[in-house]
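**Q** what follows is a predicted protein model with its sequence.
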Amino acid sequence: MMTNLFSSFDPTSNIFQLPLNWLSTFIGLFFIPLMFWTLPNRSMMIWLNILNSLHIQFKTLLTSNGKLGSTFIFVSLFTFILFNNFLGLFPYIFTSSSHLTFTLSLALPLWLSFMIYGWLTQTNHMFAHLVPQGTPPILMPFMVCIESISNLIRPGTLAVRLTANMIAGHLLLTLLGNTGPLVMNSIILFQILIIAQVFLLILEMAVSVIQSYVFAVLSTLYSSEVN
């Protein structure tokens, strides 16, 4: 029984003090090897076209200075987050992307690696980013502070954006689901509830795709600033 509304997100299932909920994070990895053992079909071709389109977009965002193979990091990041977001919509599957533990574990190492690489290899370029072009001299100290703060909070904004969007939709689904027993006596209200749940589930499927794409695109943009 839930003690509060957010307790549905608690990773409570465990055996011998091992949290088994987080194993759902790797369920999506079991779908990937199937492509290598089956004949080409429509779903596989659609997925390959999506990956190819993402590769082209990320390559454009990274510009000509990007390292070869950098796009595969962000395509893999998109795929990993997409699987976790989408599988979390199924019943009895723990949504790991609704926790800051998961999202920060993705955003913080990426941002930290960009910063370390940029400050060690292109120090002057990183300093130039702290003062936008055309800034009046009197505002330069303030712009350095503002740009430094905005740079430092990037991993937090990446993580919180994904977590908040996933939690919001799941909370709406949970709230509507809990009202089911209360409207069982009215057929019309029950039908309206089912229709609302279906439309909200479709919306959440779209949100799971959009948020994984936004996370990958913003990570790509942060990487392109270093190059």
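**A** That came in fine, so what should we check first? Numbers count the residues shown, from 1 in each chain.

**Q** residue 94 against residue 24, yeah?
**A** Yes: the pair residue 94 / residue 24 is scored as a contact, 4.4 Å apart, by Cβ atoms under 8 Å. Using the backbone N, CA and C atoms, a C-beta is placed for each residue, glycine as well.

**Q** what sits in contact with each of those two?
**A** residue 88 (Cβ atoms under 8 Å, 6 or more residues apart in numbering).

**Q** look at those two and report which has more neighbours.
**A** residue 94 (24 against 20; other Cβ atoms under 10 Å).

**Q** longest helix in the protein, by number of residues?
**A** For the chain, the longest helix by residue count, based on DSSP state H, is helix 187-226.

**Q** mind pulling up the pLDDT for the nearest residue to residue 217 once chain neighbours are set aside?
**A** Spatial nearest neighbour of residue 217, excluding adjacent residues (Cβ to Cβ, 6 or more residues apart in numbering): residue 61 at 7.0 Å. Reading off the confidence values, residue 61 has pLDDT 84.

**Q** now do residue 107
**A** 92.

**Q** same check, this time on residue 200
**A** So residue 200 comes in at 90 (pLDDT).

**Q** which residues touch it?
**A** Contact partners of residue 200, counting by Cβ under 8 Å, 6+ apart, are 169, 172-173, 176.

**Q** please apply the same query to residue 61.
**A** Contacts of residue 61 by Cβ under 8 Å, 6+ apart are 217, 220-221, 224.

**Q** okay if I get these as CSV plus pLDDT, neighbour count and distance to residue 81?
**A** Below are these laid out as CSV (pLDDT from 0 to 100; neighbours: other Cβ atoms under 10 Å; distance: Cβ to Cβ, whole Å):
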residue, pLDDT, neighbour count, distance to residue 81
217, 92, 16, 12
220, 90, 24, 13
221, 88, 13, 16
224, 83, 17, 19
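
**Q** from the residues you listed, which is closest to residue 98?
**A** Comparing the contacts of residue 61 against residue 98 with Cβ to Cβ picks out residue 217 as the nearest, at 20.5 Å.

**Q** dump the C-alpha coordinates for the helix or strand that contains the residue nearest to residue 217 into PDB.
**A** Using DSSP states H and E, residue 61 maps to helix 42-62. Extracted in PDB, the C-alpha atoms of helix 42-62 (Å, rounded to 0.1, in the frame of the first residue of the first chain):
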ATOM      1  CA  ARG A  42       9.900  -3.300 -41.600                       C
ATOM      2  CA  SER A  43      10.300  -2.500 -37.900                       C
ATOM      3  CA  MET A  44      14.100  -3.100 -38.200                       C
ATOM      4  CA  MET A  45      14.400  -0.900 -41.300                       C
ATOM      5  CA  ILE A  46      12.400   1.900 -39.500                       C
ATOM      6  CA  TRP A  47      14.700   1.700 -36.500                       C
ATOM      7  CA  LEU A  48      17.800   1.800 -38.700                       C
ATOM      8  CA  ASN A  49      16.400   4.800 -40.600                       C
ATOM      9  CA  ILE A  50      15.800   6.600 -37.300                       C
ATOM     10  CA  LEU A  51      19.300   5.900 -36.200                       C
ATOM     11  CA  ASN A  52      20.700   7.100 -39.500                       C
ATOM     12  CA  SER A  53      18.700  10.300 -39.300                       C
ATOM     13  CA  LEU A  54      19.900  10.900 -35.800                       C
ATOM     14  CA  HIS A  55      23.500  10.300 -36.900                       C
ATOM     15  CA  ILE A  56      23.100  12.900 -39.700                       C
ATOM     16  CA  GLN A  57      21.600  15.500 -37.300                       C
ATOM     17  CA  PHE A  58      24.200  15.000 -34.600                       C
ATOM     18  CA  LYS A  59      27.000  15.200 -37.200                       C
ATOM     19  CA  THR A  60      25.600  18.500 -38.300                       C
ATOM     20  CA  LEU A  61      25.400  19.800 -34.700                       C
ATOM     21  CA  LEU A  62      29.000  18.800 -34.000                       C
END
